[in-house]
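# please work out how this folds:
(2 chains)
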There are 2 protein chains.
Amino acid sequence: MIRKYVYGWPFETEAVTEQIPEAKGIPAYGHVDVEQGFCFTCRLEADDVVYGLGEANRGINKRGNLYVSNCTDCTEHTEELRSLYGAHNFLVVSGQESFGLFVDYPAKLSFDVGYTRTDTLRIFCDRADLYLYVIDGESAYDIVRQFRGIIGRSYIPPRFAFGFGQSRWGYRTADDLRRVADGYRENHIPLDMLYMDIDYMRDYKDFTLNEEAFPDFPEFVREMKERGIRLVPIIDAGVKVEEGYPVYEEGRERRLFCQNEDGSDFTAAAWPGAVHFPDVLNPGARQWFGDQYRFLIDQGIEGFWNDMNEPSIFYTKERLEKFRARMREYVDGAADSMTVFEIGDAVGVLSGNLREDEAVYHQVGEERVRHDRVHNLYGYNMTRAAAEGLARIDPNRRFLLFSRSSYIGMHRFSGIWTGGNRSWWSHLLLNLKMMPSLNMCGFLYAGADLGGFGADTTQDLLLRWLAFGLFMPLMRNHSSLGTRVQECYQFEDTDAFRHVIGVRYRLIPYLYSEYMKAALGNEMYVKPLAFVYPQDKLARETEDQLMLGDEIMIAPVYTQNASGRYVYLPEEMKFVRFLRNGAISEKILGAGHHYVEIALDEVPMFIRRGRCVPVAEPAECVEEIDTSHLRLLGYAGAEHLLYEDDGISLDYEKTGSWRRLRVEGAE
Amino acid sequence: MIRKYVYGWPFETEAVTEQIPEAKGIPAYGHVDVEQGFCFTCRLEADDVVYGLGEANRGINKRGNLYVSNCTDCTEHTEELRSLYGAHNFLVVSGQESFGLFVDYPAKLSFDVGYTRTDTLRIFCDRADLYLYVIDGESAYDIVRQFRGIIGRSYIPPRFAFGFGQSRWGYRTADDLRRVADGYRENHIPLDMLYMDIDYMRDYKDFTLNEEAFPDFPEFVREMKERGIRLVPIIDAGVKVEEGYPVYEEGRERRLFCQNEDGSDFTAAAWPGAVHFPDVLNPGARQWFGDQYRFLIDQGIEGFWNDMNEPSIFYTKERLEKFRARMREYVDGAADSMTVFEIGDAVGVLSGNLREDEAVYHQVGEERVRHDRVHNLYGYNMTRAAAEGLARIDPNRRFLLFSRSSYIGMHRFSGIWTGGNRSWWSHLLLNLKMMPSLNMCGFLYAGADLGGFGADTTQDLLLRWLAFGLFMPLMRNHSSLGTRVQECYQFEDTDAFRHVIGVRYRLIPYLYSEYMKAALGNEMYVKPLAFVYPQDKLARETEDQLMLGDEIMIAPVYTQNASGRYVYLPEEMKFVRFLRNGAISEKILGAGHHYVEIALDEVPMFIRRGRCVPVAEPAECVEEIDTSHLRLLGYAGAEHLLYEDDGISLDYEKTGSWRRLRVEGAE
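This is a model prediction of the structure:
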């Protein structure tokens, strides 16, 4: 049962696709105060667990901290960080009484989940102009399914997007990319995608190519595709201000950029220097921007990643002018007229989200809407622009598409990656913790930068991270300029990498099938243990294991110098290890606590009692996977319903896509 | 067996107190290269564990990363940080073959512990002027004991220093401190010390008092002491440059500050603005600076913490001038003459350690020594200055003293705290991991800022952290200006805090006794499990449990929203929980893996088979602990040798200090 309460004059975010009548009266479960802004308060019982908030920091259980929905380009995801790139305002309180809350409000919104007082949940924002959806259900998972039912079907990527991808900020030329392709192919480490970061463009201009570095791009795309590798270029939100650059000129002439109060185009800086931001909240601008993707589609490209769309701002014209004036006072004044801390602060505020007093506007229908009122919708709508453009360009083709910034609603158009993490072991665990929360909010095609984007990785960290990441839909190794090289063939033990990534390819028939079930049925691809075992107290506390599909549980090693880990089994399961020599070890473990040994080159998973999982032979790219010969791991007599389609068209509902597989023997 | 190899012309750090003859030939275990600087390389076997490096980041097992001994004031202790405040160049490779290495070299030194290649340890620095000590032994712990035997007895604090202390940057006046004392005493939460951060001084001038804020300081010290509370002021390394300030004037006149190449006093900025740094490597300056502590001793003070002694530099005169010149060019030039990143970098380099090209000098005997050659000795010698001064002022009295920066050798003079950590759960675990490594290097009196210095704590984090920190010699709650208030009485559940800190006081007879045994016998107070169970493979991997003294194992809960944790028992132990109602639960657990429930208000510990631990009744300050009525927890028939002395004199060796306690019943 979903009740929709309306406060003030909400902005239509289009997060919810179903028509739900306005509920009368006051919401159950808590108290709403609209005296100053909006505040929903409710009591948390001692044993309540709070799930949700999508791409948010900290635990699967969100209890015990403060979170702020305020899309932000953030470089150090430490425990204290309150805002990440996305804004996903859905949570579930699960206890004696369970209920879900979705606050459809696209500006800054805070969630005090037992932080100020351990027994109190407070959700608050500045303006009481929003939709509040309150969802009753039998269980946390039931509530999630109801919510997923009103926000529309999740994005479905092409099947090749389940392959492994290599990325790095710093690949500059076709030859750089060729060398990476060679490194993988020569070492027989599987690979399906090479990502192109900002350097492929000419001066960081969207929808351009540096033609010296990529002399015959369509030919290069073809060459790579013949090797089973798709190129996936990045698109940034800001359009470079440069006379003669057609995208800029057309946007300016057609008034399609975000504007200042006086109607002039708003200017900020990003990688290209001065940029304007396409006003993607304006349907006309959205259409125009989406159509630009054709430039790369026409050259053979089948996928994109949208970046810098919080939007990320290095500085605005006004901020820079103010800073320069301040620095002028400083250099003209006494040496101690500003402290080093004040100077640091003055630099610090150059970048970062737009502030309320920086009046930037979107044109939405007849209305001019100030940016801070709809801040969290920018990345969503930039990516929607792309998805709608791609659908116009090739209506029955799936494209790979994911975005850094997002809001619920964007899950219908693309996936996400979780942004600039670092080569920290704690970020491997954070990656795990974020995934089910993202699924709750509809983001199924998701993943983190495996190995860590910032900082220097190590062989063991990357191997352990891959052994988790290979279960996630988006599996990509990505790293930053200036960090240790991170391609899998750069390390001592290339055999181990070949094996671990090989396991991904062996599992793709299963993982793809479970993904499609989750997308088509509004289910979660990965779930907290308690969503499957709601009565199990320890399952409710487990923060380092996930259920995947209906068959398996995953429990990666996420600490350094460990040859195993503890694992909690709510019921009997079969402990499976993919060994380096290609063999698969299977062992039944009873319900309860176990310490299991997992070597650095092994991939562990647990098959639930009475279930089975199809496994293919290793392959070096998705197209080469032989799904006609699948081995079934798991319990005798178990059946699995496998989904398989052409992997590229939108014809998901075809009956021939389902196949029933059965393990020989009695159950 | 310890062999000492001499390379070039080492600086005499006085880390080692024993005379060891120079060994001939080349060191066993590895290869030394002195072609370019110094490099020791050796092979690491797959199962080797590397212990040591004292106050270093990451795990108990240091394998798999790069560490740099280069004392640094660092504000975010993320996983990628390579240098902390201390420089502790001792490590032990433990495997089929075990050996210890101590590199007595006071400049920047790097340890690549299987980072570049997983099978290789490399220790390298720029100049081959050092002592290399190579230690053979039967086991890792045997090697540590031998090492401890050559570096001199560890610092022994007064007994009151085992009480709980409250600190916060931001207490400005006597009334601020009175309010904190009231908060503790009114809530009956035990407390022995209140720490005074920089604001007690007049304009941050060492050895001054803000007399408006502290009108009759000796009377205030007395008032607090009558309430069972010692005041512990901070002393910073830099001496403010200010005409009329006697410490500055005397230091300048007597030429006791660090100098520039031209002989002028070196000027940098710290909290007071421009400062000079006492040249604590010069024995005359050390004596002079140590004598200054009398100013506060005479007013009743019995303890100090030495800070900012890496030394921490906000900027130097020259750096600031260069920055201003650069900013002048920027404001006079085109708006894009510097990118925001370049401006940020220009601000960033204002602070931080002195660089080689910034020629600052120490006067050591007849020799003028450039700072970068001896950088890691500054905090050590500032604190040595203090300790030697205190010993002159009151020769048979122990003072509480600990420092932020350190080098091996300083362990004879004081304790350390591990600097500006943050309110992160990962820092609770980091705290645990650092402690045994510090003990290996002689630093027994040590602890972290419980609850976290930076960032906002939560009630549960602070409670869990205290339940670990109560086992550490230095137990202090400290937090930064601008963070959430963190005194224990500020949270909802003051009863829980009273109970948890109360357990500390119940255990002080035992903890103090074990500390004294460790200090007097060159033992470790806390050890990795493998030092006690060297043949146990899982003990060698355990990174979240410690052995304490000869009787107990500790295993704190260090994750949020958990009601228990896994624990590994290398042998049968008694699982003890101090319950909130004052009762103590005891339960025997067999060797192996266990999941144990530990509520947020409980303190867990494990008593080894056949051992016992004396427990007192709760008290509100150390002086009130009744050691004549001790209850023994543990195994029937077990005995404990309890050390007890007057807690303040240096008369440690008195035979009457030992008492044998025995649990009734047969073993």
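# hey, where'd the helices end up in chain A?
A:140-151, A:174-187, A:217-226, A:246-253, A:283-292, A:294-297, A:317-332, A:340-348, A:378-393, A:425-440, A:459-469, A:494-521, A:529-532, A:537-541 (DSSP state H).
# how about the nearest residue to A:Asp136, chain neighbours excluded?
Using C-beta to C-beta, 6 or more residues apart in numbering or on different chains and skipping the chain neighbours, the partner closest in space to A:Asp136 is A:Met1 (4.4 Å). All C-beta atoms are positioned from the backbone trio N, CA, C, and that covers glycine.
# distance of that neighbour from B:Ser337?
As judged by C-beta to C-beta, to the nearest Å, A:Met1 and B:Ser337 stand 62 Å apart.
# same thing with A:Asp33?
51 Å.
# likewise A:Ser423?
The spacing between A:Ser423 and B:Ser337, counted by C-beta to C-beta, is 34 Å.
# so what does the spatially closest residue to A:Pro473 that is not a sequence neighbour have for phi and psi?
Closest residue to A:Pro473 apart from its sequence neighbours, by C-beta to C-beta, 6+ apart: A:Tyr445 at 4.7 Å. When read as degrees, to the nearest 10, the backbone of A:Tyr445 gives phi -80, psi 100.
# quick check: residues of the stretch 251-400 of chain A near chain B?
Proximity of the stretch 251-400 of chain A to chain B (C-beta under 8 Å from any C-beta of the partner chain) is limited to residues A:269, A:273, A:314-315, A:320-321, A:324, A:327-328, A:330-331, A:335-336, A:339-340, A:343-344, A:347, A:350-351.
# hmm, 7 Å instead?
A:273, A:314-315, A:320, A:324, A:327-328, A:330-331, A:335-336, A:340, A:343-344, A:347, A:350-351 (C-beta under 7 Å from any C-beta of the partner chain).
# next, count neighbours for A:Thr339.
13 (other C-beta atoms under 10 Å in any protein chain shown).
# contact partners for the closest residue to it other than its chain neighbours?
Spatial nearest neighbour of A:Thr339, chain neighbours left out: B:Phe314 (7.8 Å); criterion: C-beta to C-beta, 6+ apart. Contacts for B:Phe314 (C-beta atoms under 7 Å, 6 or more residues apart in numbering or on different chains) come out as A:340, B:269-270, B:351.
# ramachandran angles for the nearest residue to A:Gly420 once chain neighbours are set aside?
Distances taken as C-beta to C-beta, 6+ apart put A:Phe453 closest to A:Gly420, at 4.7 Å, once the chain neighbours are dropped. Main-chain torsions, A:Phe453, degrees, to the nearest 10: phi -70, psi -60.
# pretty sure A:Phe453 sits against A:Thr418.
No. The pair A:Phe453 / A:Thr418 is not scored as a contact, 9.6 Å apart, by C-beta atoms under 7 Å.
# so what's the most centrally placed residue in chain A up against?
Among the residues of chain A, the one closest to the centroid is A:Ile416, at 2.8 Å (C-alpha atoms, centre = their mean). Neighbouring residues of A:Ile416 by C-beta under 7 Å, 6+ apart: A:55, A:86, A:402-404, A:406, A:443, A:446.
# separation between it and B:Val596?
Taking C-beta to C-beta, one finds A:Ile416 at 38 Å from B:Val596.
# contacting residues around stretch A:49-56?
Outside stretch A:49-56, the residues that touch it by C-beta under 7 Å, 6+ apart are A:60-63, A:67, A:84-86, A:88, A:90-95, A:111, A:113, A:121, A:140, A:416, A:418, A:434, A:437-438, A:440-441, A:443, A:528, A:530, A:540.
# C-alpha coordinates for it, CSV please?
Backbone C-alpha positions of stretch A:49-56 (Å, rounded to 0.1, in the frame of the first residue of the first chain) are rendered in CSV as follows:
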residue,chain,number,x,y,z
VAL,A,49,17.3,-1.4,10.8
VAL,A,50,17.2,1.4,8.2
TYR,A,51,17.9,0.4,4.6
GLY,A,52,18.2,2.5,1.5
LEU,A,53,19.5,5.9,0.3
GLY,A,54,21.0,4.3,-2.8
GLU,A,55,24.5,5.6,-3.5
ALA,A,56,25.2,6.7,0.1
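# residue contacts, the closest residue to A:Asn376 other than its chain neighbours?
Sequence neighbours aside, A:Ala87 is the residue nearest to A:Asn376 in space, at 3.6 Å (criterion: C-beta to C-beta, 6+ apart). A:Ala87 is in contact with A:69-71, A:376, A:407, counting by C-beta under 7 Å, 6+ apart.
# what's A:Ala335 in contact with, if anything?
Contact analysis of A:Ala335 by C-beta under 7 Å, 6+ apart lists B:320, B:324.
# at 8 Å what do you get?
Applying C-beta atoms under 8 Å, 6 or more residues apart in numbering or on different chains to A:Ala335 gives the contacts B:320-321, B:324.
# which strands or helices does the least confident helix or strand in chain A by mean pLDDT pack on?
In chain A, the helix or strand scored least confidently by mean pLDDT, DSSP states H and E is helix A:340-348, which has a mean of 91. In this structure, helix A:340-348 makes packing contacts with helix A:317-332, helix B:340-348, judged by 3 or more C-beta pairs under 8 Å, 6 or more residues apart in numbering or on different chains; DSSP states H and E.
# thinking again about what came up before, who has more neighbours out of A:Asp33 and B:Ser337?
A:Asp33 (14 against 11).
# what does the stretch 401-550 of chain A put close to chain B?
Counting by C-beta under 8 Å from any C-beta, the stretch 401-550 of chain A comes close to chain B at A:422-426, A:454-456, A:458-461, A:492-493, A:537-538, A:541, A:543.
# which among those end up buried?
By neighbour count, with 16 or more other C-beta atoms under 10 Å in any protein chain shown, these hold A:422-426, A:454-456, A:458-461, A:493, A:538, A:541, A:543 as buried.
# count of neighbours near A:Gly452?
Per other C-beta under 10 Å, the neighbour tally for A:Gly452 reads 31.
# who's in contact with the nearest residue to it once chain neighbours are set aside?
Nearest non-adjacent residue to A:Gly452, counting by C-beta to C-beta, 6+ apart: A:Ser423, 3.0 Å away. Taking C-beta under 8 Å, 6+ apart, we find A:Ser423 in contact with A:451-458, A:461, A:479, A:483-484, B:79-80.
# could I get the residues you listed as a markdown table with pLDDT and distance to B:Val663?
Output for the contacts of A:Ser423, formatted as a markdown table (pLDDT from 0 to 100; distance: C-beta to C-beta, whole Å):
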| residue | pLDDT | distance to B:Val663 |
| --- | --- | --- |
| A:Gly451 | 98 | 53 |
| A:Gly452 | 98 | 51 |
| A:Phe453 | 98 | 56 |
| A:Gly454 | 98 | 54 |
| A:Ala455 | 98 | 51 |
| A:Asp456 | 98 | 52 |
| A:Thr457 | 98 | 52 |
| A:Thr458 | 98 | 48 |
| A:Leu461 | 98 | 47 |
| A:Ser479 | 98 | 58 |
| A:Thr483 | 98 | 57 |
| A:Arg484 | 98 | 55 |
| B:Glu79 | 97 | 44 |
| B:Glu80 | 97 | 48 |
